[in-house]
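Trainee: generate coordinates for the sequence data below:
(2 chains)
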Amino acid sequence: MGQSQTNLLQGTLDLLILKAVGDGEQHGLGIARRIRQITQGTFQVKPGSLFPALHRMEEAGWLSSFWGESENNRRAKFYRRTKAGERQVGIETKQWATIAQAMASALKAT
Amino acid sequence: MEWLNRMLRKFGFFAKREQANRELEEEMRFHREQAERALRAEGAPAQEAHYKVARAFGNEARLGDESHGLTSFWFESVGQDIRFAARQLRKNPGFAATAVLILTLGIGAGVTIFSFVDAALIQPLPYKEPSRLVILHESNTLGPHFHLSYLDYLDYLHRNTVFQSLDVYGTFGFMLQTPTGPQPADGASVSAGFFRTLGVAPILGRDFRPGEDQPAAPRVALISYAAWQRRFGGRKDVLGQTAVLDSHPTTIIGVLPRSFHFAPAEPSDFWATERPDGDCEKNRGCHNLVGAARLRPGVSFGAALADAERIGVQLAQQYPDDDHGRGATMMPLTEAVLGNVRPLLLVLLTGAMLLLLIAAINVASLLLVRSERRKREMAVRGALGASRTRLIRQFVTEGIVLAISAGVLGTALAGVAMHLLLGLFPADVLATMPYFQQISLNPRVLTFAALVALVAGIVFSLLPALRVLLADLREGLTEGVRGSSGLVWRRFGSNLVVLELTVAVVLLVGAGLLGKSFYRLLRVDIGFVPEHVATLQVSGTANTYGTAPQQISFFRQLGARLATLPGVRSVAFASQLPIGDGDGSGNFRIVGQVWPSDHNEVLIRDISAGYFSTFETRLLRGRYFADDEDTSRQRVVVINQQMAKTYFPGEDPLGKQIYLEGSPKEAMEIVGVVDDIQEGQPDAAAQSGMYRPLNQNPDNPNDGFAVALRTAQNEDSVLSSATMAIHSVDSGLAVFDPVTMTQRMHDSPSASLHRSSAFLVGGFAGLALLLSVVGLYGVVAYSVSQRTREIGVRMALGAQRSAVYGLILREAGWLAAVGIGAGLICSVAATVLLRKLLFRVSSWDVPTLAAVAIVLAVAALLASYLPARRAASVNPTEALHAE
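Mentor: Next comes the predicted model:
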């Protein structure tokens, strides 16, 4: 693909997926595209990571899924955030903010 | 609650997993198609877009597997592995059956022997703090373990400073009065504190009270649990019942615990009190008891022995008439109980473990060969997306399935085998090993079995798994069957076979030495001809035959009656039979020799005139007795060769006068010297002994005597008619232990021990030989199959068939030579362990070593000949075209 790929930090994928799904309904490819979009192309989620993550999160109860019609009338599996998923966004955002702040101050220190 | 939800969702996935799989597939297909479409929309050619997406996707099967793994129960894939493992094993029933069978035999042997070791050496003896218990003997010039007299016991009791308590036991059994007349009953007499010393309390009734072993106290007895069940039906009202023991009415006051046993006095049904008012008990020179003591807390065995020895020296000085030449000897009770089986059990355990090792090596080799054959399968599965852990887990599962099946089967086999093994011992001998009665698949034995299976499982899974880890999976695909990794296995497999052969040699040498010992034992010169001799024991309780003439006439009458039985050629009576415990001795002096000389303790047997001719014992000098040599004539005695050599070196003993200590007036003239009749166990050293005419030393038949009959043909058939004949002379006498002399030798404790060890180690060695030869065959055959192409090339280039034979046989011969050589070296070291069990065979007996080497070499030659022939018959054209 040519372009440089930033490794996803452990644990950030879940948050990215939850963000990408947002309040709407998205299928897997849509989620991957959305992640690329909202990170300005920094993160490209490969299917190899995406599907296990989706199923894991579904199993954890953060996402629910249903089969629907895609934009070009193909049957596709759509994911939606659950209540627990929304709570998880809150939790992980807070965690991430803590980490980011800590990292920033660590880097600023001389 | 969260985990509960999670669990429920997992169940949901589990229930719909077929659907989930289909859906996952569909989801991914959608993803792929959409991505392709997007790429094409950006202008990429269709083909390129397809590959690009496929590359981004990676291995779809693995992806599905991972995704599945996340949402499934861990045991689901384990279940799959087990199903697959079972299918693999089923698909290859020959392999599965061989591996399970070999391992089952190995584990079965190990667990069986361990159950014996557990019963004897691991389970604590049924006493309180058994390590503080010791057995006190007196030594004399015949050996270290002889009885104490009652008066000596009292002195040890009062003078010692090291024993918390000291008690005695005597093991002479009783004549029990029964409705059908007197019957011998196993039993022992003990001082009143005996069970308190051991720390054992009756489960029913009470223990002896202090003083109940005194003459004035009413006679009381405890009974064993087994006797309670057998003789009294386990009824509670046994307490207070009366048993007539040796014509003394005795009240039963208690029942001993089921777990209780005291091997030095077993078998024993009745435990009565040892009283100081017996004839023997009043005489310091009459030794009939053994001491059992509990050491004071903090007193070491060595310190206690020193104190006992001090008292022994005092007694010898104080009572030179009776105790000169005697001293105290002590051993831990555990030694007295287990002394004779410990070396046997350790040897058997070692043998069983070696067999288990061979079995494990063999199965490991099989697994390795198989993993080699499955290289391609692994490569394909890897290429299709199986992760390395998953592949390894497959081997682990197969190894564990194998180990568990063999573990379960082996344990079941052990459950059967342990009871069969007990059958190797005659009932009489088994009775002296009471701890074996508790043998069972108890938790400890089962734990042992589980541990063995676990270790086997780990080894069997790791070996092939290691193979997966080390080898590059792709190699399996690209290079096909001809791989350099074959070499790795061949080296490893060869080493295993060498190890197997080494262990097999050790076991075969052990079996050879034990077998030779047993052979020597059976053919040891016992000084008489045991074939066609029938023996019986007679005893009674009646108040008859009070005078010497009555006694002499009884024996004459009985002798005449027995001589008329059909098939009986001659009749003999004796105080004790040969091949016994080698007990029953006294001190003699030579008339005219300066006193005090050292105590000359010799065995004493009182025999009828027909004794030596009945036993066909060789007369070396002088003459036998005549039947009319009774108290009215000069007292005479026949001595054995050992006594002549020991006490009359370089002299002619004939005509010499000797007398037993304390009775110088009854001097006896030595009239003959006979061969050494083995009075003790067949493996015991020859002892000095003297034979006195029964008619000059008459004894009451009621006190017990032995009958020996030499028969013309089958001695077995005489036993019942002889019993009837004895009863026809005196119906009040009990006749028991009817047995032929050959059977008596066969059932003797030492023969039993030698036989069982030879048989068992022989069995182990046989299996080891088979397994190691099969192992060698496997390695050579595998090597041939790997080198088919090479051999084809060689033959195409002009190699002769003989050269191919040479090639293969050289390889096998090298392995066999190294294995046998290492085995011989190891066995010389290992058989030191055997030394205690060997009889007149040195632990590095050259003929045995040579025989083992030859047997193994021939077996190895055969094992490698078959594959070599296959190699030599390779058709070069086919070999080169193959693959």
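Trainee: tell me where the model's unsure across chain B.
Mentor: Across chain B, the ranges flagged by pLDDT under 70 are B:1-18, B:58-79, B:89, B:373, B:385, B:467-491, B:594-599, B:879, B:881-883.
Trainee: could you chop it up by domain?
Mentor: Domain ranges of chain B: B:2-72, B:142-324, B:342-523+B:750-881, B:543-731, per automatic domain parsing.
Trainee: tell me which of those lies nearest to residue A:22.
Mentor: Closest approach to residue A:22 among the domains of chain B is made by domain B:2-72 (19.3 Å; Cβ to Cβ). Any C-beta I mention is one placed from the backbone N, CA and C, and that applies to glycine too.
Trainee: thinking again about what came up before, could you dump the domains of chain B into CSV and include mean neighbour count and distance to residue A:16?
Mentor: Shown next, in CSV, are the domains of chain B (neighbours: other Cβ atoms under 10 Å in any protein chain shown; distance: least, Cβ to Cβ, whole Å):
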stretch, mean neighbour count, distance to residue A:16
domain B:2-72, 15, 17
domain B:142-324, 18, 71
domain B:342-523+B:750-881, 19, 26
domain B:543-731, 18, 86
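Trainee: who wins for proximity to chain A among those domains?
Mentor: Evaluated over the domains of chain B, closeness to chain A peaks at domain B:2-72, with 4.5 Å, by Cβ to the nearest Cβ.
Trainee: tell me the secondary structure for residue B:456?
Mentor: What DSSP: H, G, I helix; E, B strand; the rest coil gives for residue B:456 is helix.
Trainee: just checking, it touches residue B:403?
Mentor: Yes - between residue B:456 and residue B:403 there is a contact under Cβ atoms under 8 Å: 4.4 Å.
Trainee: now list whatever residues contact both of those two.
Mentor: Common neighbours of residue B:456 and residue B:403, counting by Cβ atoms under 8 Å, 6 or more residues apart in numbering or on different chains, are residue B:103.
Trainee: okay if I get the domains of chain B as TSV plus distance to chain A?
Mentor: Rendered in TSV, the data for these read as follows (distance: least, Cβ to the nearest Cβ, whole Å):
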stretch	distance to chain A
domain B:2-72	4
domain B:142-324	56
domain B:342-523+B:750-881	12
domain B:543-731	74
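Trainee: distance to residue B:80 added to these, as TSV?
Mentor: Listed next are the domains of chain B as TSV, based on distance: least, Cβ to Cβ, whole Å:
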stretch	distance to residue B:80
domain B:2-72	10
domain B:142-324	49
domain B:342-523+B:750-881	9
domain B:543-731	61
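Trainee: to residue B:84, which of these lies closest?
Mentor: It is, among the domains of chain B and with distance given as Cβ to Cβ, domain B:342-523+B:750-881, at 6.6 Å.
Trainee: near chain B, anything from the helix or strand bottoming out on mean pLDDT in chain A?
Mentor: None of the helices or strands of chain A scores lower by mean pLDDT, DSSP states H and E than helix A:47-60, at a mean of 81. Yes - applying Cβ under 8 Å from any Cβ of the partner chain, one finds helix A:47-60 in contact with chain B at A:47-48, A:51-52, A:55-56, A:58-60.
Trainee: dead centre of chain A: give me the residue that sits there.
Mentor: Centroid-nearest residue in chain A, with Cα atoms, centre = their mean: residue A:17, separated by 1.5 Å.
Trainee: then chain B?
Mentor: residue B:345 (4.6 Å).
Trainee: report the closest residue of the stretch 101-250 of chain B relative to chain A.
Mentor: Among the residues of the stretch 101-250 of chain B, residue B:103 lies closest to chain A, at 39.6 Å counting by Cβ to the nearest Cβ.
Trainee: number of nearby residues for that residue?
Mentor: A count of nearby residues for residue B:103, using other Cβ atoms under 10 Å in any protein chain shown, gives 27.
Trainee: doesn't it belong to a helix?
Mentor: Yes - Residue B:103: assigned to a helix according to three-state DSSP.
Trainee: can you pull the contacts of it?
Mentor: B:359-360, B:363, B:402-403, B:406, B:410, B:456.
Trainee: so how far is residue B:94 from it?
Mentor: Per Cβ to Cβ, to the nearest Å, residue B:103 is found 15 Å from residue B:94.
Trainee: same check on residue B:793?
Mentor: Counting by Cβ to Cβ, the gap from residue B:793 to residue B:94 is 31 Å.
Trainee: again, but for residue B:813
Mentor: For residue B:813, the distance to residue B:94 equals 28 Å [Cβ to Cβ].
Trainee: now swap in residue B:592 and tell me
Mentor: Distance from residue B:592 to residue B:94, by Cβ to Cβ: 84 Å.
Trainee: same thing with residue B:223?
Mentor: Distance from residue B:223 to residue B:94, counting by Cβ to Cβ: 58 Å.
Trainee: can you check residue B:200 too?
Mentor: Using Cβ to Cβ, residue B:200 is found at 56 Å from residue B:94.
Trainee: repeat for residue B:390
Mentor: 27 Å.
Trainee: just the CA atoms of the least confident helix or strand of chain A, as CSV, please.
Mentor: Extracted C-alpha coordinates of helix A:47-60, given in CSV (Å, rounded to 0.1, in the frame of the first residue of the first chain):
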residue,chain,number,x,y,z
PRO,A,47,-9.7,-7.1,8.1
GLY,A,48,-7.4,-9.5,10.0
SER,A,49,-7.7,-7.2,13.1
LEU,A,50,-11.1,-5.8,12.4
PHE,A,51,-13.3,-9.0,12.4
PRO,A,52,-11.8,-10.6,15.5
ALA,A,53,-12.2,-7.2,17.2
LEU,A,54,-15.8,-6.8,16.1
HIS,A,55,-16.7,-10.3,17.3
ARG,A,56,-14.9,-9.9,20.5
MET,A,57,-16.7,-6.6,21.2
GLU,A,58,-20.0,-8.1,20.3
GLU,A,59,-19.3,-10.9,22.7
ALA,A,60,-18.4,-8.4,25.3
